[in-house]
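Participant: got a sequence here, can you build the structure:
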Amino acid sequence: MAVTQQLARVNAGYLAACRACAAESSDGDHRWDPPAADSLDLDWAPAMLARVCEIAGVDDSHLAALRRATDGGVALDVGFLNAGPHAIGFFGPTPAALEPKEVERVSDLLGDIDFRAALAALPSDNHAAGVLIGHGAEGLVHGPRTYLGIHFDALREFYAGASKRGLAIVSWWD
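Facilitator: Just a heads-up that it's a prediction; the model follows:
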């Protein structure tokens, strides 16, 4: 079974309703089921995206924003999502979330990253680029540039949409 990075855009009301369901349920069922349109599967991309930015010399504040985009934060308590038997993130760290103001900051910083330029800093050979990136990037079917370009664009657009709508983002590994 593959373990992949998941993100969901949610409003405060939805989180509160899930938290209340978990508290009221005899087995902690939070009824977490965000809409597909507000969900993003980043696959195994997060570590590879960060590594490309490191290789390209992306500055620390933008690299930190990229990591926060996938790792989440601790300002919003979403630990109730990890209580068995209904845990959503039992394959990785406890689910984490960024509140809307932090989503806006991260979105702005992701928007500033020239990921195409970062990809251009890689060796031209796909296999060599993948080996340099690590994390299995050398085995990506269409090469790391295609895979990571698609995933970075999806992440940036996902955050931009959440920022425009004033939503939080919950992250977990499933």
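Participant: who touches the residue nearest to residue 140 when sequence neighbours are not counted in this structure?
Facilitator: Once flanking residues are discounted, residue 140 sits nearest to residue 147: 4.6 Å by Cβ to Cβ, 6 or more residues apart in numbering. The way it works is simple: take the backbone N, C-alpha and C, and place the C-beta from them, glycine included. The neighbours of residue 147, taking Cβ atoms under 8 Å, 6 or more residues apart in numbering as the test, are 45, 48, 137, 140-141.
Participant: check residue 95 too.
Facilitator: With the criterion set at Cβ under 8 Å, 6+ apart, residue 95 makes contact with 72, 78-79, 81-82, 88-89, 170-172.
Participant: tell me which of the residues you listed is nearest to residue 18?
Facilitator: Among the contacts of residue 95, residue 81 lies closest to residue 18 (Cβ to Cβ), at 7.2 Å.
Participant: so the closest one makes contact with residue 88?
Facilitator: Yes. Using Cβ atoms under 8 Å, residue 81 is in contact with residue 88, at 5.0 Å.
Participant: which residues do those two both contact?
Facilitator: With Cβ under 8 Å, 6+ apart, residue 81 and residue 88 have common neighbours 32, 95, 172.
Participant: give the bridge partners for the nearest residue to the second one once chain neighbours are set aside, please.
Facilitator: Yep, that's residue 95 we're talking about. Using Cβ to Cβ, 6+ apart and skipping residues adjacent in sequence, the residue nearest residue 95 is residue 172, 3.9 Å away. Beta bridges link residue 172 to residue 6 when assigned by DSSP bridges.
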